[in-house]
Structures are given as structure tokens and as C-alpha cells.
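**Q** Generate a structure from the sequence data that follows.
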Amino acid sequence: MFITFEGIEGCGKSTQVNYLVDGLENLGVSVFSTFEPGGTKVGQGIRRILLDSQNRNLSPLAELLLYAADRAQHVEEVLKPVLAQGKWVVCDRYLDATLAYQGYARGQEIGFIKALNQRVSRGIQPDITFLIDCPVSVGIKRALDRNKAMQEEGQDRFEREREEFHNSVRKGYLAMAEEEPERFVVVDGTFEEKALAGVIFDHIRPFLSPEDCGGG
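**A** As a prediction, the model looks like this:
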């Protein structure tokens, strides 16, 4: 089972990834948690470039190709081998993030991004994608407060984007969820985090089997 989490900055993805992984591990499920960009050693260097607020002149195409490079390495080094072991994988951002940010918000050609995603993902698609939706004003405030608390204010290039950029990202995600309702589960990111974790886990329960939970 391959599960991804998507949403605008500060929607609560990382928190919900942790809740879900903890819940699965408590049931004895063999699960691996990862993220993009930066889920490999090579990707960590790419992540620093992408998030560095000093890189204001990074072109949209260069940005897109950096994300593609990070994903190609992540798929080859992490996703393919872990999924081949039969483990569940929970990933904080994946293919849809590139379409939302570099396509809908940056204006790069959607068809080109889909073709690039297909090539670098080696056909590995999520089984379920949780889209944590919340108003832009809520998400950005959370993200900026988080970065300040974690002393990561220099790694906030996306948080510094204009409000219309983030609105375009949100609209892009919602459009994709409408196009693929069989894969996307849209949940309310303004919910209290533990309550939201319960809603998400309820969607996962039907996919659990005795074998997944360590049973015979």
C-alpha cells in the first residue's frame, strides 16, 4: 500500500503522516515513512536549493527539473525497494505536488509535467492520496510560525510567495481531487489534529488485513 499526503504549506501534512505511521505501527503493520523533496542524501542537497529563500531567481523550469531529479533518485533508492519488500509506504508529497505547484501555480505545461512525472516515477502511483485542505491564510500562518520555531526561516522560499500563488496551488489540488475521486480523499485541515487523524485512519481501516497487521 502506497499512501501520499498533499496540501498547501502549513496544512498539517507532516503531523498527519506521523499520526498515521504511529497508528499503523501500533497495529503491527510494517510501514515506512518518507517525504519529498529530500528523502535521500542526494535529495537533501536538492531540497536546500529549492527551499532557500535567497534563490529568488530560480526559473520555473529549473525548479521543475530539480523536483524531477529529486523524485527520480527517491523512486530508485527508496520507493521501489521498500514497496518491493511488501511494506506500506507513507509519503509526505509526491507527484501531485509538482502538478499543483509547478503546473497550476507556476504555469508550466501540465502535459509536460505529467510526462515527466511518469518517467521519473517509473509508474509508481499512490493507492490513496489524502489532500488536507485548508484556507491559505490558515496554512501560511502555521507554516511561518513553524519555521520560526524551528529556526528554519531561511528555508521558506515557498512561504514567501504571494497569496495568489498559494490560492492557485490550492485550486490545483482541488481540481485534481475532482478528476480522480477514486484515489483522492479530501479532509478538512482546520480540524483539531487528533480528530483529523481519526478521520484519516477510518479511511485506512478497510485496507488492513491480518497479514498486514502481523497476523497469519
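
**Q** hey, let's count contacts and neighbours off CA atoms from now on
**A** OK.

**Q** List the buried residues of the lowest-mean-pLDDT helix or strand in the chain.
**A** Ranked by mean pLDDT, DSSP states H and E, the weakest helix or strand in the chain is helix 136-149, scoring a mean of 76. Across helix 136-149, burial judged by 16 or more other C-alpha atoms under 10 Å covers Val136, Gly139, Ile140, Arg142, Ala143, Leu144, Asn147.

**Q** Using CSV, lay out those together with distance to Phe32.
**A** Formatted as CSV, the buried residues of helix 136-149 follow (distance: C-alpha to C-alpha, whole Å):
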residue, distance to Phe32
Val136, 30
Gly139, 26
Ile140, 28
Arg142, 26
Ala143, 25
Leu144, 28
Asn147, 25
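
**Q** Closest to Thr4 out of these?
**A** Gly139 (18.6 Å; C-alpha to C-alpha).

**Q** If we go by neighbour counts, what in the helix or strand where Ala197 lies is buried?
**A** Secondary structure assignment for Ala197, by DSSP states H and E: helix 193-204. In terms of neighbour count (16+ other C-alpha under 10 Å), helix 193-204 has its buried residues at Leu196, Ala197, Ile200, Phe201.

**Q** One more: stretch 24-32?
**A** Neighbour-count burial for stretch 24-32, counted by 16+ other C-alpha under 10 Å, picks out Leu24, Val29, Ser30, Val31, Phe32.

**Q** Please report how far the residue minimising distance to the centre of the chain lies from Glu211.
**A** In the chain, the C-alpha nearest the mean C-alpha coordinate belongs to Arg93, at 1.4 Å (C-alpha atoms, centre = their mean). Going from Arg93 to Glu211 by C-alpha to C-alpha, to the nearest Å gives 27 Å.

**Q** before we move on, the earlier item: helices or strands next to the helix holding Ala197 in the packing?
**A** Using 3 or more C-alpha pairs under 8 Å, 6 or more residues apart in numbering; DSSP states H and E, the elements in contact with helix 193-204 are helix 13-26, strand 184-188.

**Q** excluding its backbone neighbours, what's nearest Gly39?
**A** His74 (6.1 Å; C-alpha to C-alpha, 6 or more residues apart in numbering).

**Q** Can you check my assumption that the one you found lies in a strand?
**A** No: applying DSSP: H, G, I helix; E, B strand; the rest coil, one finds His74 to be helix, outside a strand.

**Q** Now name the helix or strand holding the closest residue to Val29 other than its chain neighbours.
**A** Once flanking residues are discounted, Val29 sits nearest to Cys213: 4.6 Å by C-alpha to C-alpha, 6+ apart. For Cys213, there is no helix or strand it lies in under DSSP H and E.
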